[in-house]
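> The sequence and its predicted three-dimensional model are supplied below.
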Amino acid sequence: MPSEREFIDAVWSSIVQLYGEFGASQTGLALISYDVERNSAVIRTALGALSMVRASVALITSLAGTKASVHILAISGTIKSLFPKPMQK
Amino acid sequence: MTRTFADLHLCANPKESEGLSKMASKAAKLGYTLIGVPLSPEKYEEEYSKLRNLDNADRGDFASRVDLKPKSQNELIRLLRKLRRKFEVVCVMCENKEVARQAAKDHRVDLLSFPSIDFRRNYFDRAEAELASNSSAALEFDIKPLLALRGPSRVRLLSGLKREVAVAREFRVPIVVSSGANEECLLRKPREMAVLAELTGLSETQALDAVSTNPQAIVKRNRAKLCAGYVAPGIRVLKEGKDC
């Protein structure tokens, strides 16, 4: 499993390769959380650059030197709604 | 209405049941309900029965597909005559202009595929698109080269695809986007495929149609034609006998 740094570097490098440095500057990309156990991460991006980030994430083919693919599980306007609600008693 | 998705070009080897089974379940997990696997024309029946008998229950529907790589117009006609009634999807890899023109005007061809990397051999021009729009052929391109290439070659690929897509849109030729994946990590979710297809100049709806409505329409049309009672478009034998 790649580290937090390796993951976000792979996303940045894919964006820079596809859209260049100017395009990457418009994304406002930030890593919010990274869960090694669940193999999942939450990244924040500007709404206007959503399709750019989606395409760049889909183009990732390796992480930390090993073959990998990154899939988008959900997109949301708030971080709270990305996580499942706790069971109500 | 929720969309269902199809990937008509899963390049798994039908001889290796385990690998194919893994890829089929991964595709189903990613959200595809229909996948097309290219089969060899010689061992078609054996490979097709293998596909149907895959033991994983969570896989989607399979469509049999043949990729033709004829060297001349006459060879294409001969292959189509021999294979059209056996496969649900017929794709022609157009490696020269003569084959490309014949494939575009032939109603038995479902998909036209062009060499994606060599832009000098890209024969999908306005004349080709006009012929394809009059027949039922669709333009197909794979996502795999987009994932595999880097730097200037990906730039050339994207500009070539943009040109093809612009011509196809002008002449209303349906576009089909497939993965072309030969390993699991090259498979992408349908919506990710659509986002990548948008890089070629398709709108969001057209990109989603390219991974859902367009490939499914081809398979549905051909399955109806391959049914026993099919006579002509809109005409089917429902009942036979003296009491009709």
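Arrived safely.
> Identify the residue spatially nearest to A:Ser14, adjacent ones excluded.
Once flanking residues are discounted, A:Ser14 sits nearest to A:Ser56: 4.2 Å by C-beta to C-beta, 6 or more residues apart in numbering or on different chains. C-beta here means a position set from N, CA and C on the backbone, and glycine is covered the same way.
> Tell me the spacing between the residue nearest to A:Met1 when sequence neighbours are not counted and chain B.
Leaving out its chain neighbours, the residue that sits closest to A:Met1 by C-beta to C-beta, 6+ apart is A:Val36, at 5.4 Å. To chain B, A:Val36 is 19 Å away according to C-beta to the nearest C-beta, to the nearest Å.
> And A:Gly48, by the same measure?
Distance, A:Gly48 to chain B, using C-beta to the nearest C-beta: 15 Å.
> could you pull out the helices for chain A?
Taking DSSP state H, the helices of chain A run over residues A:4-25, A:50-58.
> would JSON lines of these with mean pLDDT be doable?
Shown next, in JSON lines, are these (pLDDT from 0 to 100):
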{"stretch": "helix A:4-25", "mean pLDDT": "94"}
{"stretch": "helix A:50-58", "mean pLDDT": "95"}
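> burial measure for residue 68, as a count.
Going with chain A. 16 (other C-beta atoms under 10 Å in any protein chain shown).
> wrong chain, I was asking about chain B
20.
> And for A:Ala49?
When neighbours are counted by other C-beta under 10 Å, A:Ala49 registers 19.
> hang on, it packs against A:Thr27?
Yes: taking C-beta atoms under 8 Å as the definition, A:Ala49 is a contact partner of A:Thr27 at 4.1 Å.
> Identify, out of the helices of chain A, the most deeply packed stretch.
Across the helices of chain A, averaging neighbours per residue (mean count of other C-beta atoms under 10 Å in any protein chain shown) puts helix A:50-58 on top, at a mean of 21.
> what angle sits between that helix and helix A:4-25?
Using axes from the mean of the first three to the mean of the last three C-alpha atoms, to 10 degrees, the direction of helix A:50-58 lies 140 degrees away from that of helix A:4-25.
> residues contacting the closest residue to A:Thr61 other than its chain neighbours?
Take A:Thr61 and drop its neighbours on the chain: the residue closest to it by C-beta to C-beta, 6+ apart is B:Leu147, 5.3 Å away. Each residue near B:Leu147 by C-beta atoms under 8 Å, 6 or more residues apart in numbering or on different chains is listed here: A:Leu59, A:Thr61, B:Leu186.
> now B:Leu147, what's its secondary structure?
Put simply, B:Leu147 is helix when judged by DSSP: H, G, I helix; E, B strand; the rest coil.
> Find the closest residue to chain B in chain A.
A:Ala58 (3.9 Å; C-beta to the nearest C-beta).
> And that residue, how far from B:Glu198?
11 Å (C-beta to C-beta, to the nearest Å).
> Please list the residues of chain B that sit near chain A.
Contacts of chain B with chain A, taken as C-beta under 8 Å from any C-beta of the partner chain, map to B:30, B:146-148, B:150-151, B:183, B:185-189, B:191-193, B:195-196, B:198-199.
> Can you tell me which of those are buried?
Neighbour-count burial (16 or more other C-beta atoms under 10 Å in any protein chain shown) applied to the residues of chain B next to chain A gives B:30, B:146-147, B:186-189, B:191-193, B:195-196, B:198-199.
> Provide the count of other residues in contact range of A:Tyr64.
Tyr isn't right for residue A:64; it's Ala. 13.
> what's it in contact with, if anything?
A:Pro2, A:Ser3, A:Glu6, A:Ala10.
> Give me the residues contacting the one helix or strand in chain B whose mean pLDDT sits lowest.
The helix or strand of chain B with the poorest confidence is helix B:44-52; it has a mean of 75 (mean pLDDT, DSSP states H and E). Under the criterion C-beta under 8 Å, 6+ apart, residues B:Pro14, B:Lys15, B:Ser17, B:Leu20, B:Val37, B:Leu39, B:Ser40, B:Phe62, B:Ser64, B:Val66, B:Lys86, B:Phe87 lie in contact with helix B:44-52.
> which one of those residues is nearest B:Val237?
B:Lys86 (20.9 Å; C-beta to C-beta).
> Share the number of residues neighbouring the closest residue to the closest one other than its chain neighbours, please.
Closest residue in space to B:Lys86, ignoring its immediate chain neighbours: B:Tyr44 at 5.8 Å, by C-beta to C-beta, 6+ apart. Counted with other C-beta under 10 Å, residues neighbouring B:Tyr44 total 16.
> ditto for the one 3 residues further on
B:Glu47 has 19 neighbouring residues, counting by other C-beta under 10 Å.
> Ends of stretch A:29-45, what's the gap?
End-to-end distance for stretch A:29-45: 5 Å, by C-alpha to C-alpha, to the nearest Å.
> What residues of that stretch count as buried?
A:Leu29, A:Tyr34, A:Ala41, A:Val42, A:Ile43, A:Thr45.
> Rounded mean pLDDT for stretch B:199-211, please.
Averaging pLDDT along stretch B:199-211 yields 95.
> Many thanks, we can stop here.
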